[in-house]
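# Below is the sequence, then the predicted model.
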Amino acid sequence: MLQIKDTLVSLDLIERFFCCDLDSCLGACCVEGDAGAPVADDEVCHLEDALEIIHDELTPAARQTIAEQGVVYIDSEGDLVTSIVGGRDCVFCTYAPGGKTLCALEKAFREGRTKWCKPSSCHLYPVRLKSYGSFTAVNLHRWKICKSAETLGRKLGLRAYQFLKEPLTARFGKEWYDELSLTAEEYLRQFPDK
């Protein structure tokens, strides 16, 4: 672990190669798993605001789930997460030809229809954060569905922290990211086999 300001950053974030390969994984992280994506309390209002804009783009089953339980629920571990359809798909999933899963929230943001992209847990993925009072652990979640992202990242020579520059900067600030980047470069110089 490396300390960057009030965070402890897993070496996996620096050592591992990563670049999302949506053409290969088809957005499996939005449909696999046993719960929705973690949501911060202050993000619920953004989800509800965006719902007015993207409602008609969601599947009928997603619209029904939202009508019955809302955009979020408390999962079995007591965490606030996005609602899911049929124990699987995030309610904000949309589908492109070929079975590719896309996020309706991100799509609306990229098209300039909203000012908020998506929950920070989604934006940061595969990074997962865990608060421990005086510090936050920044860990890289490794999952078989992201194997193609690791392969593409290695092919491109792109480390996870580099791929995640935008969301890490949005979450922790430019100064934090710059310190992480400098620390990572120095670490990789000292351990070139990583």
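Good, I have the coordinates. Numbers count the residues shown, from 1 in each chain.
# CA only for contacts and neighbour counts going forward, please
Will do.
# Which residues does the helix or strand encompassing E68 contact?
Counting by DSSP states H and E, the element that carries E68 is helix 60-69. Contacts to helix 60-69, defined as CA atoms under 8 Å, 6 or more residues apart in numbering, come from residues H55, S83, I84, V85, C90, V91, F92.
# Now render these as JSON lines, adding secondary structure, distance to Y177 and pLDDT.
Shown next, in JSON lines, are these (DSSP: H, G, I helix; E, B strand; the rest coil; distance: CA to CA, whole Å; pLDDT from 0 to 100):
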{"residue": "H55", "secondary structure": "helix", "distance to Y177": "35", "pLDDT": "95"}
{"residue": "S83", "secondary structure": "coil", "distance to Y177": "31", "pLDDT": "94"}
{"residue": "I84", "secondary structure": "strand", "distance to Y177": "32", "pLDDT": "94"}
{"residue": "V85", "secondary structure": "strand", "distance to Y177": "36", "pLDDT": "93"}
{"residue": "C90", "secondary structure": "strand", "distance to Y177": "29", "pLDDT": "93"}
{"residue": "V91", "secondary structure": "coil", "distance to Y177": "31", "pLDDT": "95"}
{"residue": "F92", "secondary structure": "coil", "distance to Y177": "29", "pLDDT": "95"}
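# Next one: A104 from P38, what distance?
According to CA to CA, to the nearest Å, A104 and P38 sit 17 Å apart.
# More neighbours: these two, which one.
Neighbours of A104 and P38, each counted by other CA atoms under 10 Å, are more numerous for A104; the result is 23 against 20.
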